[in-house]
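S.K.: coords please:
(one chain, ligands or ions: 1)
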Amino acid sequence: MANAFDGGIVGRGEAVLSLRNVSKNFGAVQALTDIELDVYKGEVVALVGDNGAGKSTLVKILAGVHQPSSGTMTFDGVPVVLDGPSAALKLGIATVFQDLALCENLDVVANIYLGQELSPMALDEVSMEIRAWTLLRELSARIPSVREPIASLSGGQRQTVAIARSLLLDPKVILLDEPTAALGVAQTAEVLNLIERVRDRGLGVVMISHNMEDVRAVADRVVVLRLGKNNGVFTPDTSNQELVSAITGASDNSVSRRASRRAGTEHSAGEAHP
Ligand SMILES: Nc1ncnc2c1ncn2[C@@H]1O[C@H](COP(=O)(O)OP(=O)(O)OP(=O)(O)O)[C@@H](O)[C@H]1O
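M.R.: Below you'll find the model as predicted:
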């Protein structure tokens with residue numbers, strides 16, 4: 001069911017992360033215009049839209065990779081300016097980009113601790129292994145051994161390691177760029193379960209996805225971008241037809257035509273057999 005721009009979140013307290021009137025241009029290219037976004041604790045927000053709609057640009061702004069050309073961002077109610085990815089991380093916004101940035105030849109523990117120069121923890125190997133193992137167990141991750149090199153893991157397991165790594169600094173918000181892209185059915189289910197457990201830890205999750213089935217399975221709200229602008233916030237039970245219309249801007253598309261054909265068939269079938 002669709003509703004305006006709040007997606008049914010009225011009365012949920014203060015958002016952990018908010019954007020107001022955020023615009024971004026790259027020279028003459030207007031990638032985002034007046035974007036509004038709220039992310040609450042313990043919810044999964046799916047960010048959907050056609051190619052070039054501005055999803056990656058928006059996530060990169062939240063991750064501190066790009067700076068908005070105008071508009072404001074607040075974190076825990078406080079206006080913030082992210083001048084780089086490490087500023088976002090320090091604040092409590094972790095990102096898992098599509099490339100995952102894992103080292104094939106290193107094991108799970110080493111990858112989870114990779115690039116933790118921000119961390120004040122100077123842990124020995126044993127403590128690192130225990131912490132990595134505890135984290136993965138809390139996430140019910142199916143990793144055979146934390147001493148397994150990344151090269152021998154499946155796509156879903158790699159995504160799991162990348163997500164576990166992003167949780168190491170106890171972020172409040174995690175950004176996932178197409179976390180199920182290129183995964184098979186079982187691995188996708190595994191990663192979606194993991195996302196639910198991250199949400200259950202009280203984090204706000206923002207997930208870019210092109211896959212409406214995944215979005216329906218895990219999202220609490222679906223934020224649609226179209227041509228760099230907000231085009232509605234929907235609940236995950238919204239019909240495919242309505243979502244596709246919001247994404248493409250066209251009410252006449254193959255999904256709506258199929259739906260109306262089906263309705264027509266049912267109607268005439270109903271008439272034939274009252
Ligand atoms: N670094 C950049 N320089 C110039 N233009 C850019 C840059 N990054 C993005 N754009 C433009 O901004 C617009 C939004 O792109 P963006 O990658 O955010 O869309 P998207 O929704 O993530 O698309 P996709 O689903 O294809 O990844 C596009 O017109 C794109 O060409």
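
S.K.: Test my guess that residue 128 contacts residue 113.
M.R.: Yes - when contacts are counted by C-beta atoms under 8 Å, residue 128 is listed as touching residue 113 (5.6 Å). Where C-beta positions appear, they are placed from N, C-alpha and C, glycine not excepted.

S.K.: what's the residue nearest to residue 150 when sequence neighbours are not counted in contact with, if anything?
M.R.: The shortest distance from residue 150 to any residue other than its chain neighbours is 4.8 Å, reached at residue 102 (C-beta to C-beta, 6 or more residues apart in numbering). Listed by C-beta atoms under 8 Å, 6 or more residues apart in numbering, the contact set of residue 102 reads 111, 114, 150, 158, 161, 162.

S.K.: Find the nearest non-adjacent residue to the most centrally placed residue in the chain, please.
M.R.: The central residue of the chain, meaning the one whose C-alpha is nearest the mean C-alpha position (C-alpha atoms, centre = their mean), is residue 207 at 1.1 Å. On the basis of C-beta to C-beta, 6+ apart, the spatially nearest residue to residue 207 that is not a chain neighbour turns out to be residue 176, at 4.5 Å.

S.K.: so what does whichever strand or helix holds the one you found touch, helix or strand wise?
M.R.: Assigned by DSSP states H and E, residue 176 belongs to strand 173-177. On a contact count with 3 or more C-beta pairs under 8 Å, 6 or more residues apart in numbering; DSSP states H and E, strand 173-177 meets helix 55-62, strand 93-96, helix 155-167, strand 204-208.

S.K.: Now render these as a markdown table, adding mean pLDDT and distance to residue 182.
M.R.: Rendered in a markdown table, the data for the helices and strands packed on strand 173-177 read as follows (pLDDT from 0 to 100; distance: least, C-beta to C-beta, whole Å):
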| stretch | mean pLDDT | distance to residue 182 |
| --- | --- | --- |
| helix 55-62 | 97 | 16 |
| strand 93-96 | 95 | 14 |
| helix 155-167 | 92 | 6 |
| strand 204-208 | 97 | 14 |
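
S.K.: residues near residue 214, how many?
M.R.: The local packing of residue 214 (other C-beta atoms under 10 Å) involves 22 other residues.

S.K.: ok, and the closest non-adjacent residue to it?
M.R.: Ranked by C-beta to C-beta, 6+ apart and with sequence neighbours excluded, the top spatial neighbour of residue 214 is residue 180, at 5.2 Å.

S.K.: Validate this expectation: that neighbour resides in a strand.
M.R.: No - the assignment for residue 180 (DSSP: H, G, I helix; E, B strand; the rest coil) gives coil, which keeps it out of a strand.

S.K.: and the stretch 1-150 of the chain, which of its residues are near the ligand?
M.R.: The stretch 1-150 of the chain comes close to the ligand at residues 26, 29, 31, 49, 51, 52, 53, 54, 55, 56, 57, as judged by C-beta under 6 Å from any ligand atom.

S.K.: Which two of these have the greatest separation?
M.R.: Pairwise distances across those (C-beta to C-beta) peak at 17.1 Å, for the pair 26 and 49.

S.K.: Compare the two (neighbour count), which wins?
M.R.: With other C-beta under 10 Å as the criterion, residue 26 and residue 49 differ in neighbour count, and residue 49 comes out ahead with 24 against 10.

S.K.: Not counting its neighbours along the chain, what's nearest the more buried one?
M.R.: Leaving aside its chain neighbours, residue 49 sits nearest to residue 225 (3.7 Å; criterion: C-beta to C-beta, 6+ apart).

S.K.: Bridged to the one you found, which residues?
M.R.: Beta-bridge pairing of residue 225 under DSSP bridges involves residue 230.

S.K.: For it, grab the count of nearby residues.
M.R.: The burial count assigned to residue 225 is 25, neighbours taken as other C-beta under 10 Å.

S.K.: That one touches residue 46, doesn't it?
M.R.: No - with contact taken as C-beta under 8 Å, residue 225 and residue 46 are classed as non-touching, separated by 11.0 Å.

S.K.: Neighbours of residue 52, how many?
M.R.: Residues near residue 52, counting by other C-beta under 10 Å, number 14.
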